[in-house]
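>>> Generate coordinates for the sequence data below:
(one chain, ligands or ions: 4)
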Amino acid sequence: AAKSQGRGNFQFFSAAMNTATHERLLLESRLWQALEQDEFELYLQPQVELATQRIIGAEALLRWHHPELGMVGPDRFIPIAEESGLILPLGDWVLQRACALLHAWRVPALSHLRLAVNLSARQCHGPGLLPHLDRMLHSHGINPALLELEITESAAMQDPERSRALLIELRSRGIKVAIDDFGTGYSSLSYLKLFELDRIKIDRSFVKDIESDPDDAVIVAATIALAHSLGLEVIAEGVETQAQCDFLRAKQCDEAQGYLFAKPLPVAQFEAMVRATTTA
Ligand code: C2E
Ligand code: MG
Ligand code: MG
Ligand code: MG
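Ligands and ions are numbered 1, 2, ... in the order given. Predicted coordinates:
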């Protein structure tokens, strides 16, 4: 009996694993091709200045139109791309698309927009990033201050000395630097001293329960005050309700991003939204 039960468990486990493995294989086997086949797209999520309620920029968020699976979000393929090394050409592609967008935005209605791009750990620590960025900024004739690079705390802390050097190089070019998912790692306070930054992005997990959890409210308010006293700006991510927005504004949070304002949008929809809200 024990033997057959064990066997049953094994079959159950292996069936579940097969589904996960199957999806992974489906993703992995096509991932390299996907770049050549132009299956990736950048979506843009508006970032709003709380004092004026105006859209001041966007975060670029990668989407993959998989021919069999449909639209696949980055949480499902970025980890695979990291492991396989594809993240380097993919990351270069994202930066190139971002710079092309900033170039296209050099028209009065859009020229104020800042564009934030996520960097992966491997991109940060590889040697190709700075030369690629220099080429992209130069060939598209872009004001570096309109480009912001988002680095997670865990990526930065994989190699703190290299990260520190990279951030200095980025900021010497006038490129903005933000720490993404702020508060979810283990070393938030020490790296605020170590790294040169422009902005921190308060993680969605703290914003979610601002109204119901007094601890989260205190943490968010204190984080904003701490960042400001260090000369950093603050953006809150994952803002979904008006009450969250009101709280953040009352605590002097500079900017916010979340479904309350808009989900990540195809480029044309984002641009239409900016035009509609600035002429209104
Ligand atoms: P992230 O950089 O922290 O991006 C924010 C994520 O939160 C996005 O998920 C966004 O769609 C989602 N979000 C925004 N507002 C709300 C909200 O109000 N409620 C909720 N529930 N979610 C909200 P997405 O697009 O699935 O991206 C997931 C992660 O994938 C990103 O987290 C980022 O770490 C990574 N990623 C996305 N694009 C790229 C890329 O081009 N390069 C790299 N290396 N990573 C990327
Ligand atoms: Mg981000
Ligand atoms: Mg984030
Ligand atoms: Mg996140």
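
>>> Sketch out the helices for the chain, chain order is fine.
2-36, 74-84, 87-104, 121-125, 129-140, 153-158, 160-172, 188-194, 204-207, 214-229, 242-250, 267-279 (DSSP state H).

>>> Report whether the second one contacts ligand 2.
This means helix 74-84. No. Under the criterion of CB under 5 Å from the ion, helix 74-84 makes no contact with ligand 2; the nearest approach is 9.7 Å. Quick note: C-beta positions are derived from backbone N, CA and C, even for glycine.

>>> Throw the helices of the chain into a markdown table and include mean pLDDT, mean neighbour count and distance to residue 62, thanks.
Output for the helices of the chain, formatted as a markdown table (pLDDT from 0 to 100; neighbours: other CB atoms under 10 Å; distance: least, CB to CB, whole Å):
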| stretch | mean pLDDT | mean neighbour count | distance to residue 62 |
| --- | --- | --- | --- |
| helix 2-36 | 71 | 12 | 11 |
| helix 74-84 | 93 | 16 | 5 |
| helix 87-104 | 97 | 19 | 6 |
| helix 121-125 | 92 | 19 | 13 |
| helix 129-140 | 96 | 16 | 17 |
| helix 153-158 | 90 | 20 | 16 |
| helix 160-172 | 96 | 16 | 20 |
| helix 188-194 | 81 | 13 | 25 |
| helix 204-207 | 96 | 19 | 18 |
| helix 214-229 | 95 | 15 | 27 |
| helix 242-250 | 98 | 16 | 26 |
| helix 267-279 | 93 | 15 | 13 |
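
>>> which one of these lies closest to ligand 3?
helix 204-207 (6.8 Å; CB to the ion).

>>> tell me the contacts of residue 169?
Each residue near residue 169 by CB atoms under 8 Å, 6 or more residues apart in numbering is listed here: residue 130.

>>> 10 Å instead, please
Going by CB atoms under 10 Å, 6 or more residues apart in numbering, residue 169 touches 129-130, 133-134, 175.

>>> At the geometric centre of this structure, which residue sits there?
With distances taken as CA atoms, centre = their mean, residue 118 lies nearest the centre of the chain, 4.2 Å away.

>>> Surely that one and residue 180 touch.
Yes. Residue 118 is in contact with residue 180 according to CB atoms under 10 Å; the separation is 6.7 Å.
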